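> coords please:
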Amino acid sequence: MIVIPVTCALIFLDKKVLCAQRSETMSLPGLWEFPGGKIEEGESPADCLIREIKEELAISISLVGSLQPNEHSYTEGKVVRLIPFVCSWESGEITLLEHLDLQWLAREELKVVNWAPADIPIVDHLFVNWNNIQKQLVDYKRENKNL
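All right, here's what the predicted structure looks like:
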């Protein structure tokens, strides 16, 4: 069994989370996901996610916290281990460098888009824990606004 570690970012702004639609050049075209990517050899999950978001969206983020990883098998013998992080958008203007589209979704809109299967458990967790995650973000911004 091959396990592929992949990070993803739950980037929040104004009580909405950023969701990206996979382009025609990606596997699972047209499905929605939280942006991120594969961890490279010797790279930490946090460093991977910061790099991937810069490469995919041209923005800088801060990692606020992490959520429970989720494993999903798209093909026999291969498992994607999706490692989600709660993130704050710090700087830059979003440019879609790999994805087809993006949306900022409020909690009640999360189930409207067609998610990639590996992201669905994260969406479910986010839906249930939305208020706690929002509080975590507020606390993070309060603690770091003077840095």
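> How many residues are close by V123?
V123: 21 surrounding residues under other C-beta atoms under 10 Å. Every C-beta, even on glycine, is put in place using the N, C-alpha and C of the backbone.
> Packing partners of whatever helix or strand it lives in?
V123 is part of helix 120-144 when elements are defined by DSSP states H and E. For helix 120-144, the packing partners by 3 or more C-beta pairs under 8 Å, 6 or more residues apart in numbering; DSSP states H and E come out as strand 2-13, strand 60-66, strand 70-75, strand 78-91.
> what residues does the least confident helix or strand in the chain by mean pLDDT touch?
Across the helices and strands of the chain, mean pLDDT, DSSP states H and E gives its lowest value to strand 70-75, namely a mean of 89. The set of residues external to strand 70-75 that reach it, using C-beta atoms under 8 Å, 6 or more residues apart in numbering, is 3, 27-28, 79-82, 84, 117-118, 121-122.
> Tell me the buried residues within those residues.
79-82, 84, 118, 121-122 (16 or more other C-beta atoms under 10 Å).
> And those residues, which is closest to S66?
Distance to S66 across the buried ones among the contacts of strand 70-75 (C-beta to C-beta) is lowest for P84, with 6.8 Å.
> May I have the phi/psi pair for the spatially closest residue to that closest one that is not a sequence neighbour?
Leaving aside its chain neighbours, P84 sits nearest to L67 (4.3 Å; criterion: C-beta to C-beta, 6 or more residues apart in numbering). Here is the backbone geometry of L67 (degrees, to the nearest 10): phi -120, psi 170.
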